[in-house]
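[1] fold the following for me, if possible:
(2 chains)
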There are 2 protein chains.
Amino acid sequence: MAQGAKIRMAVSTVIFAMRPNKDDVPCLWTPFVPRTREPDLNKWALPGGWLPVDEELETAAARTLAETTGLHPSYVEQLYTFGQVDRSPTARVISVVYWALVRADEVAAAIPGDNVQWFPADHLPELAFDHNDIVEYALERLRTKVEYADIAHSFLGEKFTISQLRSVHEAVLGHKLDAANFRRSVATIPELIDTGEVLTGTPHRPPKLFRYKNLKQAYYDLNH
Amino acid sequence: MAQGAKIRMAVSTVIFAMRPNKDDVPCLWTPFVPRTREPDLNKWALPGGWLPVDEELETAAARTLAETTGLHPSYVEQLYTFGQVDRSPTARVISVVYWALVRADEVAAAIPGDNVQWFPADHLPELAFDHNDIVEYALERLRTKVEYADIAHSFLGEKFTISQLRSVHEAVLGHKLDAANFRRSVATIPELIDTGEVLTGTPHRPPKLFRYKNLKQAYYDLNH
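    Have a look, this model is predicted:
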């Protein structure tokens, strides 16, 4: 056996964006593209592709993501490497999976390829290979390992209302939270700062805008 | 170009154990084995090897670790995948790196291969390839991402004294902590429970033994 060879290397990317579902509840959405060849022809798969021998892993992930979805997130972070012997029926394929959170306006500004389709992350079709497991893993990581300061910033930008922040928590957790309780609990977070500004363009009493202190540190944590 | 091929897959493992350095200060140690061929002949490298096409990643990591160090940790966790195009001078090599924390008695009971040598993690020689960067990454993850409940359990077992717990924190942080301040700060941790037992075999007043509540949850977090 050629040492370490006979194994094919691929990259894939899990993208999460927050947008309303058909009941107008903000939830997490993820883009997929249909497989154009066997195995798993026509099944939905994560954006990705084979790794060229001379391309960096994260460059390949960002490139294949841009080619399919039109998205150019400011960074993609390595999520996990999936390499089970039987995950593809025709070859040993090891996929280094990246992920990124994107804002709704980034999705709106992207010019996607022909075939991309977004699905709610908690109502996925049967995906190609082990891609359902991969999205599940990413969701679990999002819920348990990533700071909400990072998540809120990625989905909402620098400034947000408490109501928008609650929507982020609800989208990630997958269930509603009590508005008054949420307001009370975030009031105790010392990193959450009143900017002194309010959201414009809303009728009646405009809601206050908040931001997270030490976001540079938060960014660092998400990247390392 | 054969799609996704021409790339060689390897696994490596970073092991951390806690034991005293020459000044009798507990610190983190990591085992290495000398390279037996070019490139980087004779340089110290992390335990590891090529990935056979039919072997699971974590099985290969555990097997190569056992062959070199004699260690059989109860699990190895995936740390990160290192795949920079120029990390090896002779081929594109992608290394899926695993890690584990082991207790001093596990190290003492292991029957190592001939060439393994342990080095203090903060005083490493120049290692092969990017292995210095890999150990640095593992140290950073240990310091910032892993709960001390998990670290303490991995290094000390289920029950430990406050002094032993402080040694773990000092070894991970790489500097001394004030004993009285440490005792005060851990007294506020609700998950830390007095077992009602004391450490036997010590002269004078035997110190109390503590344990972490919800260790099953802690284990889960470290594994996922």
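[2] can you pull out the helices in chain A?
    Under the criterion DSSP state H, chain A contains helices at A:57-69, A:104-109, A:131-144, A:148-156, A:162-173, A:179-186, A:215-223.
[3] would a markdown table of the ones you listed with distance to chain B and mean pLDDT be doable?
    All C-beta atoms are positioned from the backbone trio N, CA, C, and that covers glycine. Converted to a markdown table, the helices of chain A look like this (distance: least, C-beta to the nearest C-beta, whole Å; pLDDT from 0 to 100):
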| stretch | distance to chain B | mean pLDDT |
| --- | --- | --- |
| helix A:57-69 | 5 | 97 |
| helix A:104-109 | 26 | 92 |
| helix A:131-144 | 7 | 95 |
| helix A:148-156 | 13 | 88 |
| helix A:162-173 | 16 | 93 |
| helix A:179-186 | 18 | 93 |
| helix A:215-223 | 7 | 43 |
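[4] quick one: which of those helices is nearest A:V96?
    Among those, helix A:57-69 comes nearest to A:V96, with 5.3 Å by C-beta to C-beta.
[5] any idea how far the closest one is from the chain center?
    Distance of helix A:57-69 from its chain centroid, counting by C-alpha atoms, centre = their mean, to the nearest Å, is 14 Å.
[6] circling back to that earlier point, among the helices of chain A, which comes closest to B:S95?
    Of all those, helix A:57-69 comes closest under C-beta to C-beta, at 11.5 Å.
[7] could you say what helices and strands that closest one packs with?
    strand A:7-20, strand A:26-34, strand A:48-50, strand A:92-102 (3 or more C-beta pairs under 8 Å, 6 or more residues apart in numbering or on different chains; DSSP states H and E).
[8] what strands line up against the longest one, and which way round?
    By that I understand strand A:7-20. Strand pairing for strand A:7-20, using DSSP bridges, gives strand A:26-34 (antiparallel), strand A:48-50 (antiparallel), strand A:92-102 (parallel).
[9] distance to A:Q84 added to the helices and strands packed on helix A:57-69, as JSON lines?
    Shown next, in JSON lines, are those (distance: least, C-beta to C-beta, whole Å):
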{"stretch": "strand A:7-20", "distance to A:Q84": "12"}
{"stretch": "strand A:26-34", "distance to A:Q84": "20"}
{"stretch": "strand A:48-50", "distance to A:Q84": "16"}
{"stretch": "strand A:92-102", "distance to A:Q84": "9"}
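[10] tabulate the ones you listed (TSV), appending mean pLDDT.
    Below are the helices and strands packed on helix A:57-69 laid out as TSV (pLDDT from 0 to 100):
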stretch	mean pLDDT
strand A:7-20	95
strand A:26-34	95
strand A:48-50	96
strand A:92-102	96
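[11] list the contacts of A:A104.
    A:A17, A:M18, A:R19, A:F155 (C-beta atoms under 8 Å, 6 or more residues apart in numbering or on different chains).
[12] just those now: which is nearest chain B?
    Nearest to chain B among the contacts of A:A104, counting by C-beta to the nearest C-beta, is A:F155 at 21.9 Å.
[13] burial count for the closest one?
    For A:F155, the neighbour count with other C-beta atoms under 10 Å in any protein chain shown is 25.
[14] then the one 5 residues further on?
    When neighbours are counted by other C-beta under 10 Å, A:F160 registers 24.
[15] and A:T68, by the same measure?
    Neighbours around A:T68, by other C-beta under 10 Å: 22.
[16] isn't it right next to A:P112, touching?
    Yes - at 7.2 Å, A:T68 and A:P112 qualify as touching, with contact defined as C-beta atoms under 8 Å.
[17] need the overlap of contacts for the two.
    Listed as contacting both A:T68 and A:P112 by C-beta under 8 Å, 6+ apart are A:P31.
[18] and A:I15, what does it touch?
    A:T30, A:P31, A:P47, A:L65, A:T69, A:L71, A:P73, A:W99, A:A100, A:L101, A:V102 are the contacts of A:I15 under C-beta under 8 Å, 6+ apart.
[19] can you rerun that using 10 Å?
    A:28-32, A:46-47, A:65, A:69, A:71, A:73, A:76, A:98-102, A:106-107, A:118, A:121, A:138 (C-beta atoms under 10 Å, 6 or more residues apart in numbering or on different chains).
[20] again, but for A:R19
    Contacts of A:R19 were listed using C-beta under 10 Å, 6+ apart, and they are A:P26, A:C27, A:L28, A:W29, A:R103, A:A104, A:V107, A:A108, A:W118, A:P120, A:F155, A:A171.
[21] distance of the fifth one from chain B?
    Going back to what we said before, that points to A:R103. 25 Å (C-beta to the nearest C-beta, to the nearest Å).
[22] surely that residue and A:Q164 touch.
    No - using C-beta atoms under 10 Å as the test, A:R103 is too far from A:Q164 to be in contact (11.4 Å).
[23] residues shared between the contacts of the two?
    Contacts common to A:R103 and A:Q164, judged by C-beta under 10 Å, 6+ apart, are A:M18, A:F155, A:L156, A:G157.
[24] so the last one touches A:D105, yeah?
    In this case it means A:G157. Yes - the pair A:G157 and A:D105 passes the contact test of C-beta under 10 Å, sitting 8.2 Å apart.
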